[in-house]
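Colleague: only the shape, not the letters, is given here:
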């Protein structure tokens, strides 16, 4: 009888840990999500017995602080997909101040993969040793996000620095597990508290994030957007990195290094340079930054339909002369023409304050609603402004889907096209940036000329209509000075 081969206990433990890790993460998510959710539901009952409005507000602030700590701990401990969740909900217009204060620091901070694993990934993907390809390669990454981390390096025989984006090993399976857990939670929430088709939103997130694991696709998207912006403008509104095409694989992406500061550090940089943060110079710089981003996104979404769909602060650099660089093209969206033109129609409705046109646009886009209020047209326009414009409606300072006075409570969104979620998310991220920069502006008003051009080219607007609207729009564009 042959002796049994020796058992590698370390290997067995590692395989078991890998096999059971999705179950462990599922348990962690549900334990924490239920704790946060029930905490709010119990609090809502408790605060309903308090009649004093000021005391109620103080109680809500304390509750938000408690929840913020729990949400931060969950996103930080679990990482991966939940860092993206933090990016989505941690914006001044969408979440309570306590949440924003805690979650904003999670934007671009994820545990780094050890260098030996990075080196193995590079050599496997590129087919050469790190020393053969790079003259210099910084071991410590510039940043590490949920899917990949980036290193500064220099190619052999070159004088310019480049950036190497390397995917975290094994992250895809865990992230898909997280998304499916969130989908189940979204189904419950939309049936009990938020009358919005959250499930379709999470399905589109699943599709978009799935694309992020293919760096070849990202490279093609980056080149396509770079070409579009450079060809359609005398001077491109945003800088798009140049690829090193022969060093791109499914899990490794090499591009030019762009020197700039993260937009989140802009305030500190202004102070550091001795500029008054409240003065005219700082205001002009912030306005130029927002104008550049707004123009770029208006052209991408409405003129081209193919756009960068992830403008969170970690993906935006501010370069010399207040130029804006847009990074990370893992999440892009190619809108079908019917949705692109339907959204162009909605943009004009919002810019004109036209509730009838807004309602027509919702139907054209396939957004199904159920009204439970008397003044449906007024609330429909308010809902459109809240969802698809950077400037919040009068009297609204943040989105509060649990509030009985919110438009989402009065007009339930029963069906929402998955493909439109990327537009919704992009607008909300732009709104978060505008709030952070202290500028309250309407992207719909700024995008109106681009929307009109798109509809004119499609034969849905006549030249005389565009001219009439342009005269009215001239006054609205004074908002940049407000």
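Modeller: Received it, and whenever you're ready, just let me know what you need. Everything numeric in this text was worked out from a predicted model, so none of it was measured. Numbering: from 1, shown residues only.
Colleague: so for stretch 424-440, what gets flagged as buried?
Modeller: Buried positions in stretch 424-440, judged by neighbour count with 16 or more other Cβ atoms under 10 Å: 424-437, 439. All C-beta spots, glycine's among them, are computed from the backbone N, C-alpha and C.
Colleague: and the contacts of it?
Modeller: When contacts are defined by Cβ atoms under 8 Å, 6 or more residues apart in numbering, stretch 424-440 is touched by residues 88, 91-94, 201, 263-264, 266, 286-287, 289-290, 293-294, 297, 301, 307, 309-313, 316, 387-392, 441, 443, 482.
Colleague: out of the residues you listed, which sit inside strands?
Modeller: Residues of these located in strands (DSSP state E): 307, 316.
Colleague: out of the buried residues of stretch 424-440, which are inside helices?
Modeller: Per DSSP state H, helices hold the following members of these: 424-437.
Colleague: and the residues you listed, which is closest to residue 334?
Modeller: Lowest distance from residue 334 to these (Cβ to Cβ) belongs to residue 426, with 13.5 Å.
Colleague: tell me what the strand or helix carrying residue 199 is packed against?
Modeller: For residue 199, the element it lies in under DSSP states H and E is helix 198-211. Other helices and strands packing on helix 198-211, by 3 or more Cβ pairs under 8 Å, 6 or more residues apart in numbering; DSSP states H and E, are helix 81-89, helix 171-192, helix 421-437.
Colleague: buried stuff in it?
Modeller: Quick answer for helix 198-211 (16+ other Cβ under 10 Å): 198-206, 208-209.
Colleague: show residues contacting it.
Modeller: By Cβ under 8 Å, 6+ apart, the residues outside helix 198-211 that reach it are 81, 84, 175-176, 179-180, 182-183, 186-187, 189-190, 217-218, 309, 330-333, 415-419, 421-422, 424.
Colleague: show me which of those residues are buried.
Modeller: Taking 16+ other Cβ under 10 Å as the criterion, what is buried in the contacts of helix 198-211 is 81, 84, 175-176, 179, 182-183, 186, 189-190, 218, 309, 330-333, 416-419, 421-422, 424.
Colleague: low-confidence stretches in this structure?
Modeller: Low-confidence segments of the chain, defined by pLDDT under 70: 1-20, 88, 90-94, 107-109, 393-409, 463-465, 467-482.
Colleague: geometric centre of it: which residue is closest?
Modeller: By Cα atoms, centre = their mean, the chain has its centre lying nearest to residue 310, at 4.1 Å.
Colleague: ramachandran angles for residue 38?
Modeller: Dihedral pair for residue 38: phi -70, psi -30, per degrees, to the nearest 10.
Colleague: how near is it to residue 77?
Modeller: For residue 38, the distance to residue 77 (Cβ to Cβ, to the nearest Å) stands at 19 Å.
Colleague: check residue 355 too.
Modeller: Distance check for residue 355 against residue 77: by Cβ to Cβ, it reads 45 Å.
Colleague: more crowded one of those two?
Modeller: A count of neighbours by other Cβ atoms under 10 Å puts residue 355 above the other of residue 355 and residue 77, at 18 against 10.
Colleague: contact partners for the more buried one?
Modeller: 349, 377-378, 380-381.
Colleague: for PyMOL, write a command that selects the buried ones of those residues.
Modeller: A single PyMOL command is used to select the members of those judged buried by 16+ other Cβ under 10 Å:
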select buried, resi 349+380+381
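Colleague: the contacts of residue 355 in helices, which ones?
Modeller: Mapping these onto helices (DSSP H) picks out 349, 377-378, 380-381.
Colleague: before we move on, the earlier item: can I have the buried ones of the contacts of stretch 424-440 as a ChimeraX selection?
Modeller: A single ChimeraX command selects the buried members of the contacts of stretch 424-440 (16+ other Cβ under 10 Å):
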select :88,91,92,93,94,201,263,264,266,286,287,289,290,293,294,297,301,307,309,310,311,312,313,316,387,388,389,390,391,392,441,443
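Colleague: the residue nearest to residue 239 when sequence neighbours are not counted: which element?
Modeller: Spatial nearest neighbour of residue 239, chain neighbours left out: residue 325 (4.1 Å); criterion: Cβ to Cβ, 6 or more residues apart in numbering. Using DSSP H and E, residue 325 sits in strand 324-326.
Colleague: residues contacting that strand, please?
Modeller: 237-241, 258, 260, 289, 292-293, 296, 308, 311, 315-319.
Colleague: let's see 7 Å
Modeller: 238-240, 258, 260, 289, 292-293, 308, 315-319 (Cβ atoms under 7 Å, 6 or more residues apart in numbering).
Colleague: re the thing from before, farthest pair in the contacts of residue 355?
Modeller: The widest separation within the contacts of residue 355, taken as Cβ to Cβ, falls between 349 and 378 and amounts to 13.3 Å.
Colleague: for the ones in helices among the contacts of residue 355, which one is nearest residue 157?
Modeller: Distances from residue 157 to those, taken by Cβ to Cβ, are shortest for residue 349, at 55.8 Å.
Colleague: what's the closest one in contact with, if anything?
Modeller: 357-358, 361, 384.
Colleague: tabulate those (JSON lines), appending distance to residue 345.
Modeller: Compiled in JSON lines, the contacts of residue 349 are given as follows (distance: Cβ to Cβ, whole Å):
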{"residue": "357", "distance to residue 345": "7"}
{"residue": "358", "distance to residue 345": "9"}
{"residue": "361", "distance to residue 345": "5"}
{"residue": "384", "distance to residue 345": "11"}
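Colleague: tell me which of the residues you listed fall in helices.
Modeller: In this view, the contacts of residue 349 that belong to helices under DSSP H are 357-358, 361, 384.
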